[in-house]
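Visitor: What follows is a protein structure lacking sequence information:
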């Protein structure tokens with residue numbers, strides 16, 4: 001991996017880590033979503049103890065069971081649990097308290113709900129606030145910032161098979177490993193501080209569904225189907241009676257157990273408030289989630305009742321209403337939770353001397369023929385716990401796996417770097433160069449280039465490799481000496497001492513110094529910049 005690529009990747013990862021840390025932990029006071037509260041007292045025992053650091057986050061909504069921090073007008077910040085909701089206000093109580101808080105906060109009073117807590121960390125924060133401790137911390141941080149950064153490029157020992165911590169690429173890779181390790185440790189710390197599962201209230205929806213229908217035999221040529229079907233008018237001159245039916249079902253994705261009672265009635269009403277009820281099916285016991293009710297309405301009987309009432313009262317009404325009403329009672333369980341429901345929809349007809357037809361509201365609204373009423377039950381369930389990472393959520397168990405695998409992989413890469421460093425220490429400069437740059441190496445006979453008087457000697461292998469990073473031509477090897485052509489000049493690295501000199505002789509010439517090589521490369525960059 002080239003040094004520039006490693007540096008770019010390291011910069012990208014660093015910026016991403018900074019952005020992620022901002023999204024996760026930036027305080028609300030500076031635009032973030034997090035807050036930090038040191039727990040005082042024992043009102044939230046055993047969940048939270050005095051001295052714990054509670055990390056809170058704002059949420060789009062707050063529910064019963066959430067541990068929230070709210071601003072009390074007299075006590076300041078209070079961290080308690082929501083136990084109820086009354087209108088726009090929340091009923092809160094400490095887990096260890098036998099009484100409910102006298103103040104009921106609104107949503108604007110809530111600073112956030114508990115994200116996670118670090119036991120005992122709040123005590124250390126309080127300690128760090130003391131002037132003496134804070135002064136020492138400032139001195140230590142300042143000393144670290146002021147320490148000079150020393151570059152040891154002259155000690156690089158790269159190898160062909162394994163990178164080395166002594167070379168820039170290895171150090172850049174080490175920096176990338178450190179950034180990734182911090183992120184993995186942070187993720188692991190969050191994941192291992194929370195349980196993999198949590199108890200939650202799961203809402204189970206269900207529906208009470210009904211379906212009205214009616215039918216009657218009819219003379220040929222009057223109705224398309226040869227009989228009266230649901231939705232069509234019933235002509236009284238042709239049809240003396242018709243059948244009505246109501247089918248009921250309690251539907252849910254969760255198991256339904258139980259049963260109840262059901263009956264079907266009809267009611268005849270006049271506009272002046274008079275009414276008369278008729279039983280179509282008496283109360284019946286049913287089991288399971290469904291029931292069916294049926295009955296027959298004799299229009300001749302209805303007409304005799306109307307005539308008797310009109311003769312007795314002297315009041316004549318041109319139009320009546322006929323209402324079909326089932327009454328269904330259910331008692332049982334949905335998803336293991338107790339449910340008790342009553343279901344009594346109505347289907348209305350308008351009746352005059354010529355016909356019986358659906359009321360306008362029922363004819364124009366399909367829900368009148370197929371009424372539905374929804375309901376919910378809450379079930380205590382165990383579900384996978386999650387970590388909120390900005391706009392994303394990750395299972396705690398999965399986060400633990402990712403953190404462990406990432407740390408193991410980073411440890412392996414670090415071990416490879418360390419092994420490369422140890423291996424490089426036992427090799428000579430000539431062996432290292434031959435291994436690292438084997439594809440570009442052109443071997444000459446020993447002594448073939450020793451008389452090259454125009455070659456510029458380079459002081460160290462590190463400087464020679466700096467030139468190799470900018471030169472892409474062949475590398476010539478003659479014995480223990482290496483040559484490259486760069487910028488129209490020939491440079492030579494002698495990895496063994498000339499005849500009569502010792503490699504450890506401090507008085508022998510070491511060639512072109514590192515500063516001269518730096519100037520040469522700097523001049524090239526300037527020319528490339530002007531171009």
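Guide: Cool, the structure landed. Everything numeric in this text was worked out from a predicted model, so none of it was measured.

Visitor: From here on, just use CA atoms for contacts and neighbour counts.
Guide: Noted.

Visitor: Run through the neighbouring helices and strands of whatever helix or strand residue 114 lives in.
Guide: Assigning secondary structure by DSSP states H and E places residue 114 in strand 110-118. Taking 3 or more CA pairs under 8 Å, 6 or more residues apart in numbering; DSSP states H and E as the contact definition, the neighbouring helices and strands of strand 110-118 are strand 34-38, strand 53-57, strand 67-72.

Visitor: what lines up beside that strand in the sheet?
Guide: Counting by DSSP bridges, the strands paired with strand 110-118 are strand 53-57 (antiparallel), strand 67-72 (antiparallel).

Visitor: between it and strand 34-38, what angle do the directions make?
Guide: An angle of 70 degrees separates the directions of strand 110-118 and strand 34-38 when computed by axes from the mean of the first three to the mean of the last three CA atoms, to 10 degrees.

Visitor: I'd like to know how many residues surround residue 293.
Guide: The number of residues packed around residue 293, counting by other CA atoms under 10 Å, is 22.

Visitor: what does residue 460 give?
Guide: Close neighbours of residue 460, defined as other CA under 10 Å, add up to 20.

Visitor: same check, this time on residue 385
Guide: For residue 385, the count of nearby residues is 18 (other CA under 10 Å).

Visitor: rank the helices and strands packed on strand 110-118 by mean pLDDT and give me the bottom one.
Guide: For the helices and strands packed on strand 110-118, the stretch scoring lowest in mean pLDDT is strand 34-38; its value is a mean of 84.

Visitor: quick one on the thing from earlier: quick one: closest of the helices and strands packed on strand 110-118 to residue 402.
Guide: strand 53-57 (22.5 Å; CA to CA).

Visitor: Dead centre of this protein: give me the residue that sits there.
Guide: Here the mean C-alpha position of the chain is nearest to the C-alpha of residue 393 (CA atoms, centre = their mean), at a distance of 1.7 Å.

Visitor: isn't that one right up against residue 385?
Guide: No. At 9.7 Å, residue 393 does not count as touching residue 385 under the criterion of CA atoms under 8 Å.

Visitor: and the lengthiest strand in the chain, average pLDDT?
Guide: Scanning the chain for the strand with the most residues, using DSSP state E, yields strand 197-217. Averaging pLDDT along strand 197-217 yields 89.

Visitor: buried ones in that strand?
Guide: For strand 197-217, the buried set under the neighbour-count rule, 16 or more other CA atoms under 10 Å, comprises 204-206, 208-217.

Visitor: now do stretch 230-247
Guide: By neighbour count, with 16+ other CA under 10 Å as the criterion, the buried positions of stretch 230-247 are 233-236, 239-247.

Visitor: next one: stretch 311-327
Guide: The neighbour-count criterion (16+ other CA under 10 Å) identifies 320-327 as the buried residues of stretch 311-327.

Visitor: Any chance of a markdown table for those, columns distance to residue 40, secondary structure and pLDDT?
Guide: Rendered in a markdown table, the data for the buried residues of stretch 311-327 read as follows (distance: CA to CA, whole Å; DSSP: H, G, I helix; E, B strand; the rest coil; pLDDT from 0 to 100):
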| residue | distance to residue 40 | secondary structure | pLDDT |
| --- | --- | --- | --- |
| 320 | 72 | strand | 95 |
| 321 | 69 | strand | 95 |
| 322 | 68 | strand | 96 |
| 323 | 65 | strand | 96 |
| 324 | 64 | strand | 96 |
| 325 | 61 | strand | 96 |
| 326 | 59 | strand | 97 |
| 327 | 56 | strand | 97 |
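
Visitor: any idea which of those is closest to residue 75?
Guide: Taking CA to CA as the measure, residue 327 is the one of these closest to residue 75, at 54.0 Å.

Visitor: what separates the nearest residue to that closest one once chain neighbours are set aside from residue 326, distance-wise?
Guide: Spatial nearest neighbour of residue 327, excluding adjacent residues (CA to CA, 6 or more residues apart in numbering): residue 344 at 4.7 Å. Residue 344 is 5 Å from residue 326, where distance means CA to CA, to the nearest Å.

Visitor: Just the terminal-to-terminal distance for stretch 223-242.
Guide: Across its full length, stretch 223-242 reaches 14 Å between end residues, using CA to CA.

Visitor: again, but for stretch 36-51
Guide: With CA to CA, one end of stretch 36-51 sits 12 Å from the other.

Visitor: outside of that stretch, which residues touch it?
Guide: Counting by CA atoms under 8 Å, 6 or more residues apart in numbering, the neighbours of stretch 36-51 from elsewhere in the structure are 27, 52-56, 79-80, 94-97, 117, 119-123.

Visitor: Assign residue 185 to helix, strand or coil.
Guide: Of the three states, residue 185 takes helix under DSSP: H, G, I helix; E, B strand; the rest coil.
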